[in-house]
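A.B. asks: What follows is a predicted protein model with its sequence.
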Amino acid sequence: MSEVAHTYPELQGRVVLITGGASGLGQASARSFAAAGARVAVADLRRDAALDEAAHLGSDHLGLAGDVADEGDVRRMVDAAVARWGRLDVLVNCAGIPDTFQPTVEQDVAAFRRLVDIHLCGTYMMCKAVAPHMLAQGRGAIVNLNSIAGVLGLARRNAYSAAKAGIGMMTRTLGCEWAAQGVRVNAVAPGYMLTPFSQRLIDEGKLDAQRVRRRTPAGRFGTAQHIADAVLFLASDRAEFITGVTLPVDGGYMAWGAASDAYDGPLD
Ligand SMILES: NC(=O)c1ccc[n+]([C@@H]2O[C@H](COP(=O)([O-])OP(=O)(O)OC[C@H]3O[C@@H](n4cnc5c(N)ncnc54)[C@H](O)[C@@H]3O)[C@@H](O)[C@H]2O)c1
């Protein structure tokens, strides 16, 4: 038995749908749920990557292609998971793309809308589509992906930050709406985690890795596994009385308020 299966025996056999499950934080979460004995639907815009990841997890799992910003795709992905297993216990909303980082006056409104569509409307539509199944079961857990950008002001990241802040509030509103019916809705707010998403920003010169480390009390980037560990906890029965919260997983980033660097140790 894996360590995670030992920690969360209740996850054995539960049905988990993860959007953005073919990469980064979603992929790490998918692998942890699978190691805990859950049955995982890996949903992603990139069809081949979703199928490959599901195949990597094994024959108990399912790969699904779809765009979370498209209501028809959302319905098809949820229906496919329910058709395969007859239930849905956990939804993790990991699908996402980064902002353009352009000065506001140069930003393209279509790009703004696309970001809000994917992050905020996508999370909303996925929650709305799984809810009837979870409410009928009298049990379910949803974990959304917020960000430090949804709480702190990061210049030039209007769409991403506004969408993430919206996800934070929707986590509260849905958590309140469904609490008495056994469906919990929580979020994690990652700081800077090393994934293909953040690596691309570093490679494109949009993120200074050394500055990030200086600004983070822990002095380092987090890993996708740090997020997967928090996602599993919030989805597990150990979090039974926790709903409507956003849990920072950021090495102390949001706790830091002084004008100086948060970390003055060595940078390798
Ligand atoms: N990595 C970080 O440091 C960090 C920090 C804060 C928040 N987040 C958030 O965590 C989530 C996951 O980020 P990640 O680092 O794993 O990114 P990633 O790029 O590694 O993975 C994102 C996945 O989402 C998929 N995707 C993109 N648009 C989609 C769509 N419209 N429909 C379905 N799938 C789609 C991509 O194909 C990809 O597989 C995102 O919401 C991101 O905003 C990440």
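C.D. replies: Looks like it arrived, so ask away. Residues are numbered from 1 along each chain as shown.
A.B. asks: C-alpha only now, for contacts and for neighbours.
C.D. replies: OK.
A.B. asks: Quick check: buried residues in the helix-or-strand element of the chain with minimal mean pLDDT?
C.D. replies: None of the helices or strands of the chain scores lower by mean pLDDT, DSSP states H and E than helix 196-203, at a mean of 93. For helix 196-203, a neighbour-count test (16 or more other Cα atoms under 10 Å) marks 198, 201 as buried.
A.B. asks: Can you work out which other helices and strands pack against it?
C.D. replies: Contacting helix 196-203 under the criterion 3 or more Cα pairs under 8 Å, 6 or more residues apart in numbering; DSSP states H and E is no other helix or strand.
A.B. asks: can you tell me if it touches the ligand.
C.D. replies: Yes - if you take Cα under 6 Å from any ligand atom as the test, helix 196-203 does meet the ligand, through 196-198.
A.B. asks: And stretch 134-144, by the same measure?
C.D. replies: No - counting by Cα under 6 Å from any ligand atom, the ligand has no neighbours in stretch 134-144; the shortest distance is 8.3 Å.
A.B. asks: what about residue 76, which helix or strand?
C.D. replies: Using DSSP states H and E, residue 76 maps to helix 71-85.
A.B. asks: quick one: is whichever helix or strand comes after that helix near the ligand?
C.D. replies: Proceeding N to C from helix 71-85, the next assigned helix or strand is strand 90-93, under DSSP H and E. No - taking Cα under 6 Å from any ligand atom as the criterion, strand 90-93 and the ligand are apart, separated by no less than 7.3 Å.
A.B. asks: and what of stretch 251-259?
C.D. replies: No - contact of stretch 251-259 with the ligand (Cα under 6 Å from any ligand atom) is absent, the minimum separation being 11.6 Å.
A.B. asks: the strands in this structure, which residues?
C.D. replies: For the chain, the strands defined by DSSP state E occupy 15-19, 39-44, 62-65, 90-93, 140-145, 183-190, 193-194, 222-223, 246-249.
A.B. asks: Buried deepest among those strands, which one?
C.D. replies: For those, the largest average neighbour count (mean count of other Cα atoms under 10 Å) is found in strand 39-44, namely a mean of 30.
A.B. asks: Tabulate the strands of the chain in CSV, adding columns for mean pLDDT.
C.D. replies: Shown next, in CSV, are the strands of the chain (pLDDT from 0 to 100):
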stretch, mean pLDDT
strand 15-19, 99
strand 39-44, 99
strand 62-65, 98
strand 90-93, 99
strand 140-145, 99
strand 183-190, 99
strand 193-194, 95
strand 222-223, 98
strand 246-249, 98
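A.B. asks: and residue 202, which of those is closest to it?
C.D. replies: Residue 202 sits nearest to strand 193-194 of all the strands of the chain, at 9.8 Å, using Cα to Cα.
A.B. asks: coming back round to it: with distance to residue 176 as extra columns, can I get the strands of the chain in JSON lines?
C.D. replies: JSON lines is the format used below for those (distance: least, Cα to Cα, whole Å):
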{"stretch": "strand 15-19", "distance to residue 176": "22"}
{"stretch": "strand 39-44", "distance to residue 176": "27"}
{"stretch": "strand 62-65", "distance to residue 176": "30"}
{"stretch": "strand 90-93", "distance to residue 176": "17"}
{"stretch": "strand 140-145", "distance to residue 176": "13"}
{"stretch": "strand 183-190", "distance to residue 176": "8"}
{"stretch": "strand 193-194", "distance to residue 176": "29"}
{"stretch": "strand 222-223", "distance to residue 176": "30"}
{"stretch": "strand 246-249", "distance to residue 176": "13"}
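A.B. asks: Close to the ligand: what parts of the stretch 51-200 of the chain are there?
C.D. replies: 66-69, 94-97, 118, 145-147, 190-198.
A.B. asks: Surely residue 173 is in contact with residue 244?
C.D. replies: Yes - with contact defined as Cα atoms under 8 Å, residue 173 and residue 244 form a contacting pair (7.2 Å).
A.B. asks: more neighbours, these two?
C.D. replies: Counted by other Cα atoms under 10 Å, residue 173 and residue 244 do not tie: residue 244 has more neighbours, with 23 against 13.
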